[in-house]
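K.L.:
Fold the following.
(2 chains)
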Amino acid sequence: MSIYPTSFAQLMLHLADINEHWADLAEGYERATFPRGKVILPTADYLYFVHSGMVRTSFTTPDGLEWIFIYQKDGCIFNELGVLGQHSKVFYTCQTDIVVSLIPSAVLQSLAFSRDYPHLLLNLIETLALKESICFSYMTDLARLSARGRVSQALLALAREHGEARVFVPDITQAEIASMMGLHPTSVARVVRALRSEGIIGAFTKKRLEIVSYDRLRELEYESDIPE
Amino acid sequence: MNRVTLYFRPHLCDENEDWLSILHKGTPFHLREHESFTPRDADLLFIRTGCVRYFCNTAGYKNTLTLIVGRHSLVNIGGAVTGANRFSRVVATEPTEIVLFSGYAFWDVRTVQEHPSLYRSMAKTLAKTIELYSSRAHNTCFHACVPRICHSLLTLCSPTYHEGEQYITALTQNDMALFCGMHYVTLSNALRLLREKDVIGEVTAHGIESVDYEKLVQISQLQLQL
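P.N.:
Numbers count the residues shown, from 1 in each chain, chains lettered A, B, ... in the order given. The predicted structure follows:
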């Protein structure tokens, strides 16, 4: 029944189609189109279902910068925390133009919802469990890792999303990796340059990432600079 | 200056009271103080009385203290839902009664239709855990030691004491260090600084005495630097 393997809490950078069964329910509610760059604040009123496009979930850092938590694409729901009563400090930004359905939170609370869509309630819980697992990964592993460890984890997370292919389209920039891993873009560029010079990875652009040695990348993914 | 005592509280307490109505479907057992229990892949644990420390393995193979869970709350929802072994374990901080459920028994649509409140309660607990974890990750990644500790203390403490509420009676500084994502010695130094600046008084296993609450909040929100 799992939507993703989570034997260990693992970092994931992109989610897609994990809530595709919500599409039927979403059809019955108001649609909205938001332009790229539009910021959507958490609300107790609506759960959003993404029909097309990509949205990113972020926090603001103490320096006023954006810490990106995850990207979600077509077939995903977002703002679960808002409708479940958590006054979260997250916000959502449209990475591209997006089309969403606005599912009123009152619908989710109704008896009719659990009677007619019990599989969606189960899927909601699975989705929350998956996101909890990703948060756990950020909280434990990433927060304690060196810059090399964080970048290696991010590259391996991207690789897992692409079936651990040798070459794939990561659809993410080095600056975005920096924002997700809590690093300065210069630090990410320095680590990427080092990984390339050591022959661990090849090209890394938004359109092409080449992993030359998975074994050596895995050796780095838990490199920490905090004493035990 | 308004000074208060802060009392340590479990992260999760009285979260899943709807589950009290189906305890007869589970298997009860007891843990003595400091006794541990390792749930199987899909085991769902309900803390009926008492309190546990909840440990999980990280992908880096470290078993780390994750949450403190008190009465009437579920433990290991994530593992039970996904059927994935997170190598979690619970350790009782006091004599504790637990009711064990098989997650598989709850994973069918008919049970959802019969007991929707159980699932909504589960979803709310997961949302709260996500909020706690993401907030802790944000705090660990971006905040310096002192505001990080102040933030952690505020998520773990209550400035009021009410008869009938559940409080933690034995929280160690090592536990606090794990929640803050820092070394024990670093925590100890930062607590000493907070004491010297008269923000907090003595730190005990039950709580923190004589705290300048307003200042603690300001430091956690980076509005005040020591």
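K.L.:
Work out the gap between the worst-scoring helix or strand of chain A on mean pLDDT and the centre of the chain.
P.N.:
Lowest on mean pLDDT, DSSP states H and E among the helices and strands of chain A sits helix A:143-144, with a mean of 76. Distance of helix A:143-144 from its chain centroid, counting by Cα atoms, centre = their mean, to the nearest Å, is 18 Å.
K.L.:
quick one: contacts for the nearest residue to B:C13 once chain neighbours are set aside?
P.N.:
Excluding the flanking residues, the one nearest B:C13 by Cβ to Cβ, 6 or more residues apart in numbering or on different chains is B:G70, at 3.6 Å. Backbone N, C-alpha and C define where each C-beta goes, glycine included. B:G70 makes contacts with B:R9, B:P10, B:L12, B:C13, B:D14, B:I47, B:G50, B:C51, B:Q166, B:I168, as judged by Cβ atoms under 8 Å, 6 or more residues apart in numbering or on different chains.
K.L.:
so which helix or strand takes in the last one?
P.N.:
Under DSSP states H and E, no helix or strand contains B:I168.
K.L.:
Is the closest residue to it other than its chain neighbours bridged to anything, and to what?
P.N.:
Of all residues not flanking B:I168 in the chain, B:F8 sits nearest, at 4.0 Å (Cβ to Cβ, 6+ apart). With DSSP bridges as the criterion, B:F8 is bridged to B:C157.
K.L.:
contacting residues around the strand or helix carrying A:I177?
P.N.:
Using DSSP H and E, A:I177 sits in helix A:174-181. With contact meaning Cβ under 8 Å, 6+ apart, helix A:174-181 is reached by A:13, A:58, A:65-69, A:142, A:147, A:150-151, A:153-154, A:183-185, A:187-189, A:192, A:204.
K.L.:
Give me the subset of the residues you listed lying in strands.
P.N.:
Among the contacts of helix A:174-181, the members found in strands (DSSP state E) are A:S58, A:E66, A:W67, A:I68, A:F69, A:F204.
K.L.:
how about the strands of chain A, start to end?
P.N.:
A:14-15, A:31-34, A:39-40, A:46-52, A:55-60, A:66-72, A:77-78, A:91-94, A:98-104, A:167-168, A:201-204, A:209-211.
K.L.:
how about TSV for these, with mean neighbour count and mean pLDDT added?
P.N.:
Shown next, in TSV, are these (neighbours: other Cβ atoms under 10 Å in any protein chain shown; pLDDT from 0 to 100):
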stretch	mean neighbour count	mean pLDDT
strand A:14-15	21	90
strand A:31-34	14	97
strand A:39-40	15	96
strand A:46-52	22	97
strand A:55-60	20	91
strand A:66-72	20	90
strand A:77-78	24	96
strand A:91-94	19	96
strand A:98-104	20	97
strand A:167-168	14	95
strand A:201-204	17	94
strand A:209-211	20	95
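K.L.:
Among these, which comes closest to A:A112?
P.N.:
Set against A:A112 and scored by Cβ to Cβ, the strands of chain A come closest in strand A:98-104, at 12.4 Å.
K.L.:
Tell me where the chain has helices.
P.N.:
Chain wasn't specified; assuming chain A. A:23-27, A:80-83, A:105-109, A:111-116, A:118-137, A:143-144, A:147-161, A:174-181, A:185-197, A:214-220 (DSSP state H).
K.L.:
should've been chain B
P.N.:
B:77-82, B:109-114, B:116-142, B:145-156, B:173-180, B:184-196, B:213-220.
K.L.:
Least confident secondary structure element in chain B?
P.N.:
helix B:77-82 (a mean of 82).
K.L.:
which ones are touching residue 43?
P.N.:
All of this is about chain A. A:N79, A:G82, A:V83.
K.L.:
actually chain B
P.N.:
B:N76, B:G79, B:A80, B:L100, B:F101, B:S102, B:G103.
K.L.:
still on that earlier bit, if we only consider the ones in strands among the contacts of helix A:174-181, which is nearest to B:F29?
P.N.:
Checking the ones in strands among the contacts of helix A:174-181 one by one against B:F29 (Cβ to Cβ), the nearest turns out to be A:F69, at 37.5 Å.
K.L.:
Leaving out sequence neighbours, find the closest residue to the closest one.
P.N.:
A:T57 (4.6 Å).
K.L.:
Ok, A:T96 next?
P.N.:
A:G53 (4.5 Å).
K.L.:
mind listing what that neighbour touches?
P.N.:
A:G53 makes contacts with A:K73, A:D74, A:C94, A:Q95, A:T96, A:D97, A:I98, A:V99, as judged by Cβ under 8 Å, 6+ apart.
K.L.:
low pLDDT regions in chain A?
P.N.:
Counting by pLDDT under 70, chain A contains low-confidence ranges at A:1-9, A:225-228.
K.L.:
pretty sure A:L121 contacts B:V112?
P.N.:
Yes. With contact defined as Cβ atoms under 8 Å, A:L121 reaches B:V112; the gap is 5.4 Å.
K.L.:
Good, wrapping up.
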